[in-house]
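J.: Output the structure for:
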Amino acid sequence: MNGTILAALISAGAVTLAEMGDKTQLLAMAFATKYKASKVLIGVFIATILNHAGAVALGTFITRYEAINIWVQAIASLSFILFGLWTIRGDKLEGEDKRETRFGAVATVAIAFFIAELGDKTQLATIALATKFPANPFGVLIGTTTGMLIADAIGIVVGVVMSKKIPERTIKLVSAAAFIFFGLIGSYQVAYHKLHLAPAQTIASLLGLILLTGFAAYYLMTKGDASGKR
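T.: Okay, here's the model as predicted:
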């Protein structure tokens, strides 16, 4: 398969998962109650292209330094596990949907999304993906942008048209599990194929990482349940 197409497909899938339950998906749902869905998605597209272009450029630049390339890949793999835990924790809007501009619906959505994406999970995921596909930055950009549009379109349909008939908790847990799974696969590849750890060391490291991740996930889920009962 063509490298650019592969990078685009994997990036689209990863960012679609990352965006589920994310602040910017909640923002799309909120804006869809005020503006036409088509204008919301155009605004999302503009903001994502601008934001993720910078993220891809940064990720690609980092991989040029061969001495730190292995550690960059290790951090990128671990970050996928953190994104999974972040998804379990969830996000809340902090007034981003209240921002108004004098330039219309598309500009209002684009500006709000661009600001909300700065330092957000999907932007960090885009940087991590760019470090995994340094030879295909265009594929990563197209894929991550497509993933954002898919996830936010789903958010609009679920939140507005279907009146949230699909439980938000279910969406979060499925997305988180997929992220953690790919993070563990990436960690194995770095430990065994890049750092050349012995099989026993690789297995022990993965088991420790799985236990730590499981404990963190359990804590976040029980904490969420406790706060929801208040």
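J.: Output the below-cut-off pLDDT ranges for this protein.
T.: Within the chain, the segments meeting pLDDT under 70 span 1, 66-69, 72, 90-103, 159-168, 171, 175, 224-230.
J.: Output the longest helix belonging to it.
T.: Under DSSP state H, the helix in the chain containing the largest number of residues is helix 199-228.
J.: tell me which residues of that one are tucked away?
T.: Buried positions in helix 199-228, judged by neighbour count with 16 or more other C-beta atoms under 10 Å: T202, S205, L206, L209, T213, A216, A217, L220, M221. Quick note: C-beta positions are derived from backbone N, CA and C, even for glycine.
J.: now swap in stretch 57-74 and tell me
T.: Residues of stretch 57-74 classed as buried: G59, T60, I62, T63, V72, Q73, A74 (neighbour count, 16+ other C-beta under 10 Å).
J.: biggest separation within the residues you listed, which pair?
T.: T60 and A74 (17.7 Å; C-beta to C-beta).
J.: F181 sits in which helix or strand?
T.: helix 168-189 (DSSP states H and E).
J.: Which strands or helices does that helix pack on?
T.: With contacts taken as 3 or more C-beta pairs under 8 Å, 6 or more residues apart in numbering; DSSP states H and E, helix 168-189 sits against helix 3-19, helix 66-89, helix 199-228.
J.: Next, the buried residues of it.
T.: 171-173, 175-176, 178-180, 182-184, 186-188.
J.: List just the nearest of the residues you listed to T126.
T.: F179 (13.8 Å).
J.: Would you agree the closest one is in contact with L78?
T.: No. Applying C-beta atoms under 8 Å, one finds F179 not in contact with L78, separated by 11.5 Å.
J.: which neighbours do those two share?
T.: Residues touching both F179 and L78 (C-beta atoms under 8 Å, 6 or more residues apart in numbering): there are none.
J.: in stretch 143-154, what's buried?
T.: G143, T144, T145, T146, G147, M148, L149, A151, D152, A153, I154.
J.: Kindly report the same for stretch 45-55.
T.: Of all the residues in stretch 45-55, those buried under the rule 16+ other C-beta under 10 Å are F45, I46, A47, T48, I49, N51, H52, A55.
J.: what's that stretch in contact with?
T.: The contact list for stretch 45-55, computed with C-beta under 8 Å, 6+ apart, reads 106, 109-114, 117-118, 123-124, 126-127, 130, 141, 144-145, 148-149.
J.: Could you rerun that using 7 Å?
T.: Stretch 45-55 is contacted from outside by 110, 113-114, 117, 123, 126-127, 130, 141, 144-145, 148-149, using C-beta atoms under 7 Å, 6 or more residues apart in numbering.
J.: from these, which is closest to G13?
T.: Taking C-beta to C-beta as the measure, G13 sits nearest to T144 out of the contacts of stretch 45-55, at 10.3 Å.
J.: For I10, which non-adjacent residue is spatially closest?
T.: Of all residues not flanking I10 in the chain, G143 sits nearest, at 6.8 Å (C-beta to C-beta, 6 or more residues apart in numbering).
J.: Relative to A198, how far out is the residue nearest the centre of the chain?
T.: By C-alpha atoms, centre = their mean, the chain has its centre lying nearest to A18, at 2.8 Å. According to C-beta to C-beta, to the nearest Å, A18 and A198 sit 33 Å apart.
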